[in-house]
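# Here is a sequence together with a model predicted from it:
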Amino acid sequence: MANGTDNVLYFGDCLDIMRRYVPDASVDLVYGDPPFKSNRNYNVLFEEKDGTRAASQIVAFEDTWTWDQEDEAVYAELVTGGGKVADAVQAFRQLIGPCDMLSYLVMMAPRLVECRRVLKPTGSMYLHCDPAASHYLKLLMDAVFGPGNFVNEIVWKRSDAHSDAKQGATHYGRVHDVVLFYAKTDRPTFNTLYSPLPESTVKNWYRNVEPETGRRYNKADVTGPGGAAKGNPLYEWKGVTRYWRYSKEKMAQLDAEGRLVYSKSGMPYQKRYLDDSKGVAVQDWWDDIQMLRGIQKNGERLGYPTQKPEALLERIVQASSNEGDTVLDPFCGCGTAVVTAQKFKRRWIGIDITHLAITLMKQRLKDTFGESAAFKVVGEPVSLPDAAALAASDPYQFQWWALGLVGARPVEGKKGADKGIDGKIVFQGESVGKFESVIISVKAGGVTVSQLRDLCHVVDREKASIGVFISMQDATEPMRMEAVTAGFYESQAWGKQYPKIQLLTVADLLAGKQIDMPPIRQVNATFKKAPKAVAVQGEEQRLGL
């Protein structure tokens, strides 16, 4: 297994990150699941753990695109760079004009160029997209990789039949995604995978049963296809003269092993046993990997929008990489690709442009693999100047980052809709089934005692046990007095009092200080807890590896 420092989560735009940190020809497999240009705002749904029916949502990302001056600048850079990519984006502009789809394609073009650059000669890329843009992306991938390096267009049946016909739909049900598979050269790493034989094949093809062993088999033709023209040997075998598939010595061996069976006319056939079959080689139509359904206690779904099943990534990772190889996911989301790479002993690189996604991935890796998932994070603030820069440039990203430092989940993302709550932690109460909450307020700018009084009001309103005020700046003296006079939350289970209102600065958090509260290990206090990893041997056997 690779050293843990080989595994890295990067916060930032994947274009910048790949250019700055990922060397040429250093990656074996790229899996890209970028925004689909769906014109939707994707919310993250967090399941409440305190017994209430309410659900908290924040906007994870906006998958909407509008042509603007920034797109014009990127377009000009692509065109002046020349080559097939320049030809492609100019053709797109002539075909569809400066619209939202062109904005999306112009965003994708330089990132795909970087994905190809970082691939080894034996590497390959899988680009996950939907039919709204897959035809454009295929042409763009042709321009980046070369049409001769197109390998497959994989169709994944991602959902069951839609019933929107009852709502007046005038189209067929849209139930599939497209995965474009391209190689960097004509010699990519590829391991043929197998899925179980269909029951109909077992029933109709393996109809014979060996009386001595009970093994099912089919009867395979042993005559040589193409006869003499294909170099097949001609000889007489037990009264039957034919061009045969095998030499006479091999036929004798099969006969001695009991692997030949004869018809009434004396024609030999080879026994091909069901239990020797690897199954059927995986094709480019994938309808055997189920969609992720509703959040369940021990289920895989974490509530992140666009999350893909681990089985989908397991197939891709096993087919196009080997143990010790490096897997790159430039649009990580909640990190299914990096979790799968970790599970199958690959090195990995994950990139995402939101601190929310980075926090989700760190928690998921911890939940799934514990301390064995060693990795480093690059791009998150590690000093006060870093944190101040983030707070000034993007207060929401700062808020998500700060909540991640204390293991809290965000609450609401629409401005003014959070009801005074930026984050929440839930812990086991004094009795089984009773949960208590910690309410968190994060301030990126200046602080006042009125802000702290607002938090106190929210703590009382929500009947929370503890309130925490996290800020860039030091608390004022009136704020300290307000916190001191708020009293304590007393835990009889732990025999300890905890300050009802607590003040923490970013400097405190970077120095390792944490919220003073009861342990939360009894419950899933933050995001939906990912199941622990299981041994991969059974999966490899199922796939015929």
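That came through, no problem. Numbers count the residues shown, from 1 in each chain.
# which residues in the stretch 151-300 of the chain form strands?
Assigned by DSSP state E, counting those that start in this stretch, the stretch 151-300 of the chain shows strands spanning 176-183, 194-195, 208-209, 216-221, 234-237, 240-243, 260-262, 268-273, 280-281, 285-286.
# what residues are up against Leu80?
No, residue 80 isn't Leu; it's Thr. The contact partners of Thr80, by Cβ atoms under 8 Å, 6 or more residues apart in numbering, come to Ala86. C-beta here means a position set from N, CA and C on the backbone, and glycine is covered the same way.
# what bridges to Thr326?
Beta-bridge pairing for Thr326 (DSSP bridges): Arg347.
# how far away is it from Val30?
10 Å (Cβ to Cβ, to the nearest Å).
# Looking at these two, which one has more neighbours?
Comparing Thr326 with Val30 by other Cβ atoms under 10 Å, the one with more neighbours is Val30, at 27 against 23.
# Tell me the spacing between the more buried one and Ala183.
11 Å.
# which residues are common contacts for these two?
Taking Cβ under 8 Å, 6+ apart as the contact rule, Val30 and Ala183 both touch Gly123, Ser124.
# got the domain boundaries for the chain?
Domain ranges of the chain: 4-167+174-191+282-378, 197-278, 384-510, per automatic domain parsing.
# so can I have a markdown table of the ones you listed showing distance to Pro519?
Formatted as a markdown table, the domains of the chain follow (distance: least, Cβ to Cβ, whole Å):
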| stretch | distance to Pro519 |
| --- | --- |
| domain 4-167+174-191+282-378 | 15 |
| domain 197-278 | 49 |
| domain 384-510 | 7 |
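# Let's have the ones you listed in TSV, adding mean pLDDT and distance to Asp516.
Below are the domains of the chain laid out as TSV (pLDDT from 0 to 100; distance: least, Cβ to Cβ, whole Å):
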stretch	mean pLDDT	distance to Asp516
domain 4-167+174-191+282-378	86	20
domain 197-278	95	57
domain 384-510	88	5
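# who are the neighbours in contact with Val282?
Residues near Val282 by Cβ under 8 Å, 6+ apart: Thr192, Leu193, Tyr194, Ser195, Arg315, Ala319, Leu543.
# with those residues in mind, which one is nearest to Asp275?
Nearest to Asp275, judged by Cβ to Cβ, of the contacts of Val282 is Tyr194 at 13.7 Å.
# count of neighbours near the closest one?
By the criterion of other Cβ under 10 Å, Tyr194 has 15 neighbours.
# and what of Gly258?
Neighbours of Gly258 (other Cβ under 10 Å): 11.
# same check, this time on the one 5 residues further on
Ser263 has 10 neighbouring residues, counting by other Cβ under 10 Å.
# And Pro478, by the same measure?
Using other Cβ under 10 Å, Pro478 is surrounded by 13 other residues.
# helix or strand for it, which one?
helix 477-484 (DSSP states H and E).
# Now do the contacts for the residue nearest to the spatial centre of the chain.
Among the residues of the chain, the one closest to the centroid is Thr336, at 2.5 Å (Cα atoms, centre = their mean). Listed by Cβ under 8 Å, 6+ apart, the contact set of Thr336 reads Gln307, Lys308, Pro309, Glu310, Leu312, Leu313.
# The last one - that's part of a helix, no?
Yes: with DSSP: H, G, I helix; E, B strand; the rest coil as the criterion, Leu313 is assigned to a helix.
# ok, it touching Gly32?
No: contact criterion Cβ atoms under 8 Å: Leu313 and Gly32 do not qualify, at 11.9 Å.
# Compare the two (neighbour count), which wins?
Per other Cβ under 10 Å, whichever of Leu313 and Gly32 has more neighbours is Leu313, with 25 against 22.
# any idea what sits nearest Pro188, other than its immediate chain neighbours?
Once flanking residues are discounted, Pro188 sits nearest to Ser124: 4.5 Å by Cβ to Cβ, 6 or more residues apart in numbering.
# The longest helix seen in the chain versus strand 176-183: what angle between them?
Taking DSSP state H as the criterion, the chain has its longest helix at helix 100-118. On the basis of axes from the mean of the first three to the mean of the last three Cα atoms, to 10 degrees, helix 100-118 is oriented at 40 degrees to strand 176-183.
# Moving C-terminal from helix 100-118, which element do we reach first?
Next along from helix 100-118, by DSSP H and E: strand 119-129.
# Mind giving me the packing neighbours of that following strand?
Helices and strands touching strand 119-129, by 3 or more Cβ pairs under 8 Å, 6 or more residues apart in numbering; DSSP states H and E, are strand 27-32, helix 100-118, helix 134-145, strand 176-183, helix 310-320.
# Sheet partners, orientation included, of it?
Partners of strand 119-129 in its sheet, by DSSP bridges: strand 27-32 (parallel), strand 176-183 (antiparallel).
# any idea which of those is most buried?
Most buried of the strands paired with strand 119-129 by mean neighbour count (mean count of other Cβ atoms under 10 Å) is strand 27-32; its value is a mean of 26.
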